[in-house]
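Enquirer: fold the following and give me the result.
(one chain, ligands or ions: 2)
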Amino acid sequence: MSLLPVFLKLDRRPCLIIGAGSVALQKIPALLNAEAEVRVIAPRVHPEIAALAAAGRITLQERGYRPDDLDGLFLVIAATNDSAVNTAIYEEALRRNLLCNAVDDPPNCDFYFGSIVTRGDLQIAISTAGESPAFAQKLRKEIDAQLPEDLGPWLHTIGEQRGEILEAYEPGEDRKLLLHQLAQRPTCEAAACPAQKLALRARHAGASR
Ligand SMILES: C[C@@]1(CC(=O)O)c2cc3[nH]c(cc4nc(cc5[nH]c(cc(n2)[C@H]1CCC(=O)O)[C@@](C)(CC(=O)O)[C@@H]5CCC(=O)O)C(CC(=O)O)=C4CCC(=O)O)c(CCC(=O)O)c3CC(=O)O
Ligand SMILES: NC(=O)C1=CN([C@@H]2O[C@H](COP(=O)(O)OP(=O)(O)OC[C@H]3O[C@@H](n4cnc5c(N)ncnc54)[C@H](O)[C@@H]3O)[C@@H](O)[C@H]2O)C=CC1
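Expert: Ligands and ions are numbered 1, 2, ... in the order given. This is a model prediction of the structure:
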């Protein structure tokens, strides 16, 4: 089965994580970054999740899962250590046409998490559709080493310039050409690229021997 790759806007969308251990904790930053309204339900709570609740970043209910917890949600993540509970959550989500990810449990997932390289608003998401998460992780590290560290701020600047061009020029070939020119930049420049930095350091180390 081929998966649909999308980038979701989650602001004002209630997203529930059931389970509050280390696996649940790993999922929270990505949801908060996408401005989701994050809810967590579990009887036993990781201290860092309790701290996020105390700081008002998420809402937390310290009890076991109930089917009506899925009322009114946009998506749900099943991250308990009880596979029967994760399966029950997926079945209930399916009944409600609600998107569900049961962590590390492909039959109980409508969507998988990707391996992500980030530079500001640039996100490169890698999926192997469950064939090899280890390969997704390896590829992430390789791409991360190749991309300039300052790509995020640079992208933000050209985003602003693109806005100005869109306002100043009528749609058409001239405008398109300008936008393509704006986007030109070597992807791995010496000073800013982690891989280039490592290579330079290795060369210096060799020279001083
Ligand atoms: C289907 C999927 C469902 C989902 O959870 O969304 C799923 C399923 C499973 N993962 C397992 C194992 C591992 N998962 C990782 C790591 C990641 N796994 C992630 C996603 C996904 N994992 C979805 C598919 C993504 C895809 O394939 O593209 C990443 C990308 C994102 C994230 O988790 O946020 C994150 C990388 C983050 C990064 O970039 O570093 C590592 C690496 C490590 O831990 O060192 C290992 C050990 C090595 C290995 O197994 O390859 C197991 C067996 C568990 C067991 O042994 O019982 C299953 C279950 C099964 O395969 O049946
Ligand atoms: N910790 C890890 O690195 C990895 C864990 N896993 C698997 O992911 C699952 C979760 O892992 P952890 O977060 O480490 O486990 P954990 O034991 O730290 O947390 C489990 C959480 O599930 C909650 N829970 C249990 N029954 C519940 C119910 N009926 N309703 C609501 N919440 C309930 C517990 O209260 C607890 O908050 C486990 O099945 C584990 O085998 C898989 C890969 C890696």
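Enquirer: how many residues are close by the residue of the chain found nearest ligand 2?
Expert: When scored by Cβ to the nearest ligand atom, the chain has Gly21 as its residue closest to ligand 2, at 2.2 Å. For glycine as for every other residue, the C-beta is placed from the backbone atoms N, C-alpha and C. Residue neighbour count, defined by other Cβ atoms under 10 Å, stands at 16 for Gly21.
Enquirer: pLDDT wise, what is it at?
Expert: At Gly21, the pLDDT value in this model is 98.
Enquirer: next up, the contacts around it.
Expert: The contact partners of Gly21, by Cβ atoms under 8 Å, 6 or more residues apart in numbering, come to Ala42, Arg44, His46, Ala79, Asn81.
Enquirer: closest one to Gln146 out of those, please.
Expert: Closest approach to Gln146 among the contacts of Gly21 (Cβ to Cβ): Ala79, at 31.9 Å.
Enquirer: residues in the chain within reach of ligand 2, list them.
Expert: Within the chain, the positions lying close to ligand 2 (Cβ under 6 Å from any ligand atom) are 18-24, 41-44, 64-65, 79-82, 85, 103-104.
Enquirer: buried members of those into PyMOL, please.
Expert: Filtering those down to the buried ones (16 or more other Cβ atoms under 10 Å) takes a single PyMOL command:
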select buried, resi 18+19+20+21+23+24+41+42+65+79+80+85+103
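Enquirer: contacts with ligand 1 among the residues of the chain next to ligand 2, please.
Expert: Okay, of the residues of the chain next to ligand 2 touching ligand 1 (Cβ under 6 Å from any ligand atom), that's Val103, Asp104.
Enquirer: show me the residues of the chain next to ligand 2 that map onto strands.
Expert: Of those, the ones assigned to strands by DSSP state E are Ile18, Ile41.
Enquirer: for the residue positioned nearest the centre of the chain, give me its contacts.
Expert: Nearest to the mean C-alpha position of the chain, by Cα atoms, centre = their mean, lies Ala30 at 5.0 Å. If a contact means Cβ under 8 Å, 6+ apart, then Ala30 has Phe113, Ile116 as its contacts.
Enquirer: find the helix or strand that His180 is a member of.
Expert: Per DSSP states H and E: His180 is located in helix 173-182.
Enquirer: now that helix: average pLDDT?
Expert: The pLDDT scores in helix 173-182 average 95.
Enquirer: how does the chain divide up, domain by domain?
Expert: Listed by the TED database, the domain ranges of the chain are 1-113, 115-147, 150-207.
Enquirer: winner for burial among the ones you listed?
Expert: When those are scored by mean count of other Cβ atoms under 10 Å, the highest mean neighbour count falls to domain 1-113 (a mean of 16).
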